[in-house]
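Novice: quick one, what's the 3D model for this:
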Amino acid sequence: MLKDRWRAETGAPVAYPQNRGAVSAAKPQTRASHGLEQFFSSIQDEQNLSILDFAGASQANISFITTLGHRIYSNDIVRTLEETFGGDGEFVANQADPVRCGKFLRESLDFSENSFDGALVWDTLQFLAQPLLQDTVDRLFHIMRPQSYLLAFFPRRGEGRHDPALLLPYC
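Specialist: Here you go, the predicted model:
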């Protein structure tokens, strides 16, 4: 599993959203998040939005979002990460390969500018090493429309490899 591979190669704990707690070397901690509730509360009164879902095709997500009157594009980023950077070497080290990075960005985020009104990014960004992380965030904001909605989970400060403040200038 990607989370186990990431933890083994980086030594970094992996955060789990939605009350599953954060994995740490010491003791798992639980922290409630209302992000998903706030995301859907924000879009429920809107109509005909285009939502990008990084979790891949999930009938529950598809049904829920289309019932709200929106379109959903499911994109299994974790599978693409595994296929692009796993398999033949070090998962993290492979993220320094510009050919693989280009392939990942094309397969994951090859959309026109301003294509989406919202994105469910979940906790996938924590598995990206620099500079791929920054390239992915830049591309994500390129394909998002102004005033769009974004849900992304990050490890709490000090618990993960990446600083959760990375996206703050873009929000």
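Novice: ok, the longest strand seen in the chain: who's next to it in the sheet?
Specialist: Criterion DSSP state E: the longest strand present in the chain is strand 144-152. Strand 144-152 has the following strand partners under DSSP bridges: strand 116-122 (parallel).
Novice: okay, buried residues for the partner strand please.
Specialist: 116-122 (16 or more other C-beta atoms under 10 Å). From N, CA and C alone the C-beta is placed, and that goes for glycine too.
Novice: quick revisit: alpha carbons of the longest strand of the chain, as PDB, please.
Specialist: Below are the C-alpha coordinates for strand 144-152, written out as PDB (Å, rounded to 0.1, in the frame of the first residue of the first chain):
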ATOM      1  CA  MET A 144      -9.200  25.200 -11.000                       C
ATOM      2  CA  ARG A 145     -11.500  28.100 -11.700                       C
ATOM      3  CA  PRO A 146     -11.300  31.300  -9.600                       C
ATOM      4  CA  GLN A 147     -13.400  31.100  -6.400                       C
ATOM      5  CA  SER A 148     -13.400  27.200  -6.600                       C
ATOM      6  CA  TYR A 149     -13.600  24.800  -3.700                       C
ATOM      7  CA  LEU A 150     -10.800  22.600  -2.500                       C
ATOM      8  CA  LEU A 151     -10.600  19.800   0.100                       C
ATOM      9  CA  ALA A 152      -7.100  18.500   1.000                       C
END
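Novice: all set now, cheers.
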